[in-house]
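K.L.:
Build me a model:
(2 chains)
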Protein chains: 2
Amino acid sequence: MKMEELIRFGEKFFDELEIAVYKNRDASVNIELNEVSTSALRERVVSVVRGVKEKKLGVSIIDTADKEKIKEAIERAYKMAKLNKPDERWISLPEPGKYRKPRKVDKELKEVSPDYFVELARRGIELAREEGIVVAGGGGGAEWGESLIMNSHGVNVSQEGGGAFFYIELVGMKEGRVTPGIFEFDAKLSLNLEVENVVKNALQKVKWAFKVEKSKTEEAKVILEPWAISSLLSYALFPAFSGEKLVKGTTPLANKINENISNELLAIYDDPLHELSINPVIADDEGVPTRRNAIIEKGVFKGFIWDNYWAKVYGVESTGNGKRNISTGGINIGLHNVVIESGKRTLEEIIGEVEHGYLVDGFQGAHSSNPDNGNFAVVANPAFLIENGEIKGSTVFMMSGNVYELLPNLYEVSKEQKVLPFGGSMVVPSMAFENVRIAGK
Amino acid sequence: MKMEELIRFGEKFFDELEIAVYKNRDASVNIELNEVSTSALRERVVSVVRGVKEKKLGVSIIDTADKEKIKEAIERAYKMAKLNKPDERWISLPEPGKYRKPRKVDKELKEVSPDYFVELARRGIELAREEGIVVAGGGGGAEWGESLIMNSHGVNVSQEGGGAFFYIELVGMKEGRVTPGIFEFDAKLSLNLEVENVVKNALQKVKWAFKVEKSKTEEAKVILEPWAISSLLSYALFPAFSGEKLVKGTTPLANKINENISNELLAIYDDPLHELSINPVIADDEGVPTRRNAIIEKGVFKGFIWDNYWAKVYGVESTGNGKRNISTGGINIGLHNVVIESGKRTLEEIIGEVEHGYLVDGFQGAHSSNPDNGNFAVVANPAFLIENGEIKGSTVFMMSGNVYELLPNLYEVSKEQKVLPFGGSMVVPSMAFENVRIAGK
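P.N.:
Numbers count the residues shown, from 1 in each chain, chains lettered A, B, ... in the order given. All right, here's what the predicted structure looks like:
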């Protein structure tokens, strides 16, 4: 029996239905306190059935791709749909679309043993230990995924691919001083992870962090590095791009299309096939083709991102941003690979021109930001004091404010971008803001 | 080939080793906005190998119980161990012990279809809808687990069993007033979930919550219901019971053995075979027999809980509190079924005697409590104002303090206990405190 026949089977019950099958393999290791603590080879198969009968929805999940079990899941989804009330806003599942050409995949990622990452991790640990620095934590691994999305309107799309990552958290201890944990990482579509570079960059920051400097309560220039930017914007700004929030009236961007919310230095788009993306999907989890969606261009907000359901409720097209929650089977609107456009100067040059300011490596507390109004209150840690264009030492401060007041103060974006393996994938430069209100410590 | 032969195979590489196999089946449903949103049948097998060679540790995880794959995992764990540094504190894996008689298990839990919970959820939703109340969320399901823990010292213990749960979150909307989300739940070792009771209790609280009352900044009597108690103590107090924290010097209970930390009303023990427990394990995840561990008796702190590693480092016996993190394979110290002893009066009687005070159903922010000193800062919500022994309406307030200053103010414990399906299982009464400093709103 072919998978397509399951769609025919399901049509006996449903007006329309979708079957999604995900197979994942992760080979990975964990690092804890200078040692490799786990070597893991995880394999998982999940199938999700989503069917609609007279606008009543049924969703069923199972941990197998066995066809008989998928049939049972279809029957269970149907029993559930029958008992539910109709969703009067339901229109239909997506129609087939045209996909872009997929990226070439690296099959090594499918076969690699966790042993590969044990050795990689050991090398990273040794490089740090040679400098007398503690490796508090870390990890590395390769993820390989294969997926199939089919529906009764003819959508039928298979994808496969994978990526690899390595990260490390270093802590320096010297003369009674314990530095904050310094994170560094690399993520790629191949096994060519740059462990030496990761450790070298982290060691540089640990060295800076040995010297502690006070921060003042003031308005100052603040340069946010990619990890800090990604955590702040992921919680305070990106959720506001969701079309669902537009329909529900909970996004502050509701009446801002074609309005300037920053300045011409800021461009944000979502494109899973961007050259640095580590999530190169040609279809979203509903089988809708992905594309390059411009969200902010030269500071101007260009529009929302949509999945199939909310797009149809609002009367627009899905932008291919339906992402499945693998624990509930539900579809949410999400980004695949958000790209913040790079600038012309290097981070080093940007730092070099700061007479007095701060460089922020990471934020704590970004997750409690409120995307419905853009408010945030975060602790910048690790952060570094800059005086006369040079890093003077590490410091800690509070930054409370509103992302829509922060964005217009952007005055420079770095040339270098970094790939972050969060929420799929992000490609993010460092961003420098002026007149940022901070509360020192 | 028998599983025991895998131990023999592993002994070719390791001085000692442990193999743990977990098989889990969850049949469950989710509820979102008055509808059943997912019907799920999840099945998972995980095997963990932990081996030690010349005090060097190797841990390997795979998502199968296939014997050939376990052999490969043993070899990977060995490669990893070889590259690690010796842990000079390592003594040995546990020796076999004597287990208590297991509880009778209900095999229905192993076979039940998610359909059963679809109907249960529908009934719950209808009961709430009849009263015009919104079911914001909820869920129900049955979990079944089978485990095998074996080591090269002769530990060989199999267990099986399961439990079922149902919970619901209600929100009332009337005349422009939206109540906070009111949670209620039931958890049992059988399918006899009391859905009507769960909904009835939640509806009672929604009705109370329609009327909004101001809270003052004052010292007052505060009665904490089981859900509020469990979240506060899980983060602010229970981690301090860990022997690992004693060894590392990070528990405020370090010098408090046989000292009074509350008063004679407080008794806390951990016992997975307590009659209400929904986590009735006879062995922990290292195969050490579980037992009734008295932690606090008549207000007096009696001692710490231990896994095998930290117990041997400290020179004591494991208390059977080794719990495996299924994503890293590592063992942490944890509670199986913490019981807070009940009192003599009903919650209704305790409320009836409060001239002015508060009843707290849930806390927000408990997770950011600091167990290393007992400090907490939480928002009581949902909470209710009590005047002259009666609930007057709902309110919200802040409670910041220290759990070791709060516990001596305990003046009454309720007769009723509730089972909470968190961190394994908890059996918790309502607890009334006097002279509690609150910041009103």
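K.L.:
I figured residue A:247 hits residue A:310, correct?
P.N.:
Yes: with contacts defined as Cβ atoms under 8 Å, residue A:247 counts as touching residue A:310 at a distance of 5.7 Å. Every residue, glycine included, has its C-beta placed from N, CA and C.
K.L.:
Please identify which of these two sits among more neighbours.
P.N.:
The residue with more neighbours, out of residue A:247 and residue A:310 and counting by other Cβ atoms under 10 Å in any protein chain shown, is residue A:310; that gives 25 against 18.
K.L.:
Mind checking what secondary structure that one has?
P.N.:
For residue A:310, the secondary structure call by DSSP: H, G, I helix; E, B strand; the rest coil comes out as helix.
K.L.:
For it, give me its contacts.
P.N.:
When contacts are counted by Cβ atoms under 8 Å, 6 or more residues apart in numbering or on different chains, residue A:310 is found next to A:242, A:243, A:244, A:247, A:333.
K.L.:
again, only using 10 Å
P.N.:
If you count contacts by Cβ atoms under 10 Å, 6 or more residues apart in numbering or on different chains, residue A:310 has them with A:89, A:242-248, A:304, A:316, A:318, A:321-322, A:331-333.
K.L.:
Is there a neighbour count for residue A:110? I'd like the number.
P.N.:
If we define neighbours as other Cβ under 10 Å, then residue A:110 has 17 of them.
K.L.:
what are the ranges of the helices in the stretch 201-350 of chain A?
P.N.:
Defined through DSSP state H, counting those that start in this stretch, the helices belonging to the stretch 201-350 of chain A, from first to last, are A:226-236, A:243-248, A:308-314, A:347-352.
K.L.:
Just put the ones you listed in CSV and tack on mean pLDDT.
P.N.:
As requested, the helices of the stretch 201-350 of chain A are arranged in CSV below (pLDDT from 0 to 100):
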stretch, mean pLDDT
helix A:226-236, 96
helix A:243-248, 98
helix A:308-314, 98
helix A:347-352, 98
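K.L.:
intersection of neighbour lists for residue A:247 and residue A:310?
P.N.:
Common contact partners of residue A:247 and residue A:310 (Cβ under 10 Å, 6+ apart): A:89, A:304.
K.L.:
Surely residue A:70 is in a helix?
P.N.:
Yes: under the criterion used here (three-state DSSP), residue A:70 sits inside a helix.
K.L.:
separation between it and chain B?
P.N.:
Applying Cβ to the nearest Cβ, to the nearest Å, one obtains 11 Å for the distance of residue A:70 from chain B.
K.L.:
Contacts only, for that residue.
P.N.:
Listed by Cβ under 10 Å, 6+ apart, the contact set of residue A:70 reads A:1, A:3, A:6, A:9-10, A:19, A:21, A:47-49, A:60, A:62, A:64.
K.L.:
Can you get me a residue count around residue A:2?
P.N.:
8.
K.L.:
got the contact list for it?
P.N.:
Contacts were defined as Cβ under 10 Å, 6+ apart; by that measure residue A:2 touches A:8, A:67.
K.L.:
Surely residue A:397 is in contact with residue A:357?
P.N.:
No: if you go by Cβ atoms under 10 Å, residue A:397 and residue A:357 don't touch, sitting 11.5 Å apart.
K.L.:
how about the residues of the stretch 251-400 of chain A near chain B?
P.N.:
By the rule Cβ under 10 Å from any Cβ of the partner chain, the part of the stretch 251-400 of chain A lying against chain B is A:325, A:327, A:328, A:329, A:330, A:365, A:368.
K.L.:
between the residues you listed, which is nearest residue B:189?
P.N.:
residue A:327 (24.3 Å; Cβ to Cβ).
K.L.:
contacting residues around the closest one?
P.N.:
Listed by Cβ under 10 Å, 6+ apart, the contact partners of residue A:327 are A:46, A:61, B:30, B:38, B:40, B:42.
K.L.:
Narrow these to those in strands?
P.N.:
Helix and strand membership here follows DSSP state E; of the contacts of residue A:327, those in strands are A:46, A:61, B:30, B:38, B:40, B:42.
K.L.:
could you dump the residues you listed to TSV with neighbour count and pLDDT?
P.N.:
Supplementary listing: the ones in strands among the contacts of residue A:327 in TSV, determined by neighbours: other Cβ atoms under 10 Å in any protein chain shown; pLDDT from 0 to 100:
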residue	neighbour count	pLDDT
A:46	21	97
A:61	27	97
B:30	23	95
B:38	26	95
B:40	25	97
B:42	18	96
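K.L.:
okay, among the residues you listed, which ones form the most distant pair?
P.N.:
The two members of those with the most space between them (Cβ to Cβ) are A:46 and B:30, at 15.2 Å.
K.L.:
Nearest to chain B: which residue in the stretch 151-300 of chain A?
P.N.:
Here the residue of the stretch 151-300 of chain A nearest chain B is residue A:248; by Cβ to the nearest Cβ that distance is 11.9 Å.
K.L.:
That residue reaches residue A:242, doesn't it?
P.N.:
Yes: taking Cβ under 10 Å as the definition, residue A:248 is a contact partner of residue A:242 at 9.1 Å.
K.L.:
Counting neighbours, go ahead and name the busier of those two.
P.N.:
Set side by side, residue A:248 and residue A:242 show more neighbours around residue A:242, with 24 against 12, by other Cβ under 10 Å.
K.L.:
Run through the bridge partners of the more buried one.
P.N.:
Using DSSP bridges, the beta-bridge partners of residue A:242 come out as residue A:305.
K.L.:
Quick check: it vs residue A:429, distance?
P.N.:
If you measure residue A:242 against residue A:429 using Cβ to Cβ, to the nearest Å, the figure is 24 Å.
K.L.:
Residue A:340 too?
P.N.:
If you go by Cβ to Cβ, the gap between residue A:340 and residue A:429 works out to 6 Å.
K.L.:
Give me the common contacts of these two.
P.N.:
Listed contacts common to residue A:340 and residue A:429 are A:226, A:229, A:413, A:417; contacts here mean Cβ under 10 Å, 6+ apart.
K.L.:
out of these, who's near chain B?
P.N.:
For chain B, no contacts are drawn from the shared contacts of residue A:340 and residue A:429 by Cβ under 10 Å from any Cβ.
K.L.:
ok, now which ones touch residue A:362?
P.N.:
For residue A:362, the contact set (Cβ under 10 Å, 6+ apart) comprises A:180-183, A:224-225, A:227-228, A:230-232, A:378-383.
K.L.:
can you pull the pLDDT of it?
P.N.:
pLDDT, residue A:362: 94.
K.L.:
quick one on the thing from earlier: got CSV for the ones in strands among the contacts of residue A:327, with distance to residue B:77 too?
P.N.:
As requested, the ones in strands among the contacts of residue A:327 are arranged in CSV below (distance: Cβ to Cβ, whole Å):
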residue, distance to residue B:77
A:46, 27
A:61, 32
B:30, 37
B:38, 36
B:40, 32
B:42, 27
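K.L.:
Residue A:38 against residue A:114, yeah?
P.N.:
Yes: if you go by Cβ under 10 Å, residue A:38 and residue A:114 touch, sitting 8.7 Å apart.
K.L.:
joint contacts of those two?
P.N.:
Overlap of the contact sets of residue A:38 and residue A:114 (by Cβ under 10 Å, 6+ apart) consists of A:28, A:29, B:60, B:61, B:77, B:80.
K.L.:
which pair in those residues spans the largest distance?
P.N.:
Across those, no pair lies farther apart than A:28 and B:77, at 14.1 Å, counting by Cβ to Cβ.
K.L.:
neighbour count winner among these two?
P.N.:
Here residue A:28 and residue B:77 are compared on neighbour count by other Cβ under 10 Å; more neighbours surround residue B:77, at 30 against 21.
K.L.:
quick check, the more buried one in a helix?
P.N.:
Yes: secondary structure assignment (three-state DSSP) places residue B:77 inside a helix.
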